[in-house]
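curious how this folds, go ahead:
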Amino acid sequence: MAGNIAKRANGKWRARYRDESGKEHSRHFDRKIDAQQWLDAVTSAVVTGTYADPQAGRITFAAFFGEWSARQVWAPGTVLAMSLAARSVPFAGKPMKQVRRSDVETWIKQMNAAGLAPGTIKTRYVNVRSVFRAAVKDRVIGTDPTDAVRLPRGRRPDIAMSIPTPEDVGQLMAVADERFQPFIALCAFAGLRLGEAAGVQLGDVDFLRKSLKVSRQVQRVNGGAIDVRAPKYGSERVVYLADTLVTVLAKHIAAHGTTGNDRWLFAGDGDNPPHQNTVSSQDPVRRRTVRHQAPRPAALLRLRPHRRRVRRRDRPALARSLESHDDPQHVRPSLADRRGPDKEGRGVDHVRIARRARRSTRRERDEHRQMSPAWDGGLASRGVNRWRVITPR
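Residues are numbered from 1 along each chain as shown. Predicted coordinates for the structure are as follows:
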């Protein structure tokens, strides 16, 4: 970087330099020492790699996010999450170079005071930080003001995680519509996410080898439409099913068939599968389609299997049995833990477990045989093993 200091006719000292693109930058000072210090600071920033064009930093956070996000290749869910985080910051209209660490800390404090969960705050912080990190790499700003900002402490994951027991899952299945019961069983005893369970097709189930191929998920988009896409990165896998769960799926297919040309296992609107947030059922009284929020236990209380409702005294226990839509996914690994460490492999798609479980197919099948009694026992607590076997057509 070429730079120099010269005294002007009016007695001011002008320091100037040219950046790597050849553009000249200059400032005027009353004292020569001040001009030299400014030039030294610019030189230091260039040497350390933290130099940023002073003019580029004038762009506001909102404007930079708009330009940067338009260039990113994101899934629809990521677009929504990033946009929500960007809109929540109080410094959206502030120039990027003027955003300070104190501004970020104030934003974190506001979210915490508003009652947002530590996990939600962390997610929004990470999303906003990715914007500033991109600005640093693009030399819009020299440093990242979000670096090392302290976040509210969350509970330990192993303590905060709510793992329903097989009996809890049985309570849900007892009050759910008969067509929805296999959906709950897949989430609880095959370790599928709700979107993955909604996206199961008949061709994914291998009844002979007692396995299920997880190759897609169903997500909701604006306007009530659905988006069928691949599972989360690294989540495609083969899940080995317990004998009783195979029976449950076979009975469901024989009784209700499949939906649409793609032969979805569970029915949604028209020929589409349900999305992960809702499940459709037919009201036997009003004879109309109604929607129920699948993740919310209170909504499950509105389902009317056999035209009966859940007794009021049983509702608190039912609500505790499914506090989160991710809870059923943890039933399968919890049963595996009772049989010994690392018995569960790719089935539940927990990242650390999955990395350790990339073994041969033969070994996975051997572990499946060892775990089948535990999963069958979990289903047996619901009385599912009393369902008779019907071979699917």
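
after whichever helix or strand residue 130 is part of, which helix or strand is next? Please name it.
Using DSSP states H and E, residue 130 sits in helix 118-137. Going down the chain from helix 118-137, the next helix or strand is helix 157-160, by DSSP H and E.

got the buried residues for the helix holding residue 130?
Buried residues in helix 118-137, counted by 16 or more other Cβ atoms under 10 Å: 121, 124-125, 127-129, 131-132, 134-136. For glycine as for every other residue, the C-beta is placed from the backbone atoms N, C-alpha and C.

please apply the same query to stretch 65-85.
Result for stretch 65-85 [16+ other Cβ under 10 Å]: buried residues 65, 68-69, 81-82, 85.

is residue 219 in a helix, a strand, or coil?
Secondary structure, DSSP: H, G, I helix; E, B strand; the rest coil: residue 219 is strand.

contacting residues around it?
By Cβ atoms under 8 Å, 6 or more residues apart in numbering, the residues touching residue 219 are 76-77, 195, 226-229, 275-276.

my guess is residue 128 contacts residue 90. True?
No: counting by Cβ atoms under 8 Å, residue 128 sits too far from residue 90 to count as a contact (11.3 Å).

give me the common contacts of these two.
Between them, residue 128 and residue 90 share no contacting residue under Cβ under 8 Å, 6+ apart.

returning to what we had before: could you dump the buried residues of stretch 65-85 to CSV with distance to residue 51?
As requested, the buried residues of stretch 65-85 are exported to CSV (distance: Cβ to Cβ, whole Å):
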residue, distance to residue 51
65, 22
68, 20
69, 25
81, 32
82, 27
85, 28
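
could you dump those to JSON lines with distance to residue 233 and pLDDT?
Listed next are the buried residues of stretch 65-85 as JSON lines, based on distance: Cβ to Cβ, whole Å; pLDDT from 0 to 100:
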{"residue": "65", "distance to residue 233": "23", "pLDDT": "97"}
{"residue": "68", "distance to residue 233": "21", "pLDDT": "97"}
{"residue": "69", "distance to residue 233": "20", "pLDDT": "96"}
{"residue": "81", "distance to residue 233": "15", "pLDDT": "94"}
{"residue": "82", "distance to residue 233": "17", "pLDDT": "97"}
{"residue": "85", "distance to residue 233": "20", "pLDDT": "97"}
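
can you give me the domain boundaries for the chain?
According to automatic domain parsing, the chain comprises the domains 3-51, 58-154, 160-386.

quick one: end-to-end distance for the shortest one.
The first and final residues of domain 3-51 sit 15 Å from each other (Cα to Cα, to the nearest Å).

same question for stretch 97-105.
16 Å.

contacts for that stretch next, please.
The contact list for stretch 97-105 (Cβ under 8 Å, 6+ apart) reads 52, 54, 57-58, 61, 90-91, 94, 128, 132, 140-141, 145-147, 149-150.

about what we covered before: list buried residues within the contacts of residue 219.
Buried among the contacts of residue 219 by 16+ other Cβ under 10 Å: 195, 226, 228, 275-276.

residue 239 belongs to a strand?
Yes: judged by three-state DSSP, residue 239 forms part of a strand.

what bridges to it?
Residue 239 has these beta-bridge partners by DSSP bridges: residue 212.

hmm, back to that, just the buried residues of stretch 65-85 now: which is nearest residue 267?
residue 81 (29.0 Å; Cβ to Cβ).

next, the closest one: secondary structure please.
Strictly by three-state DSSP, residue 81 counts as helix.
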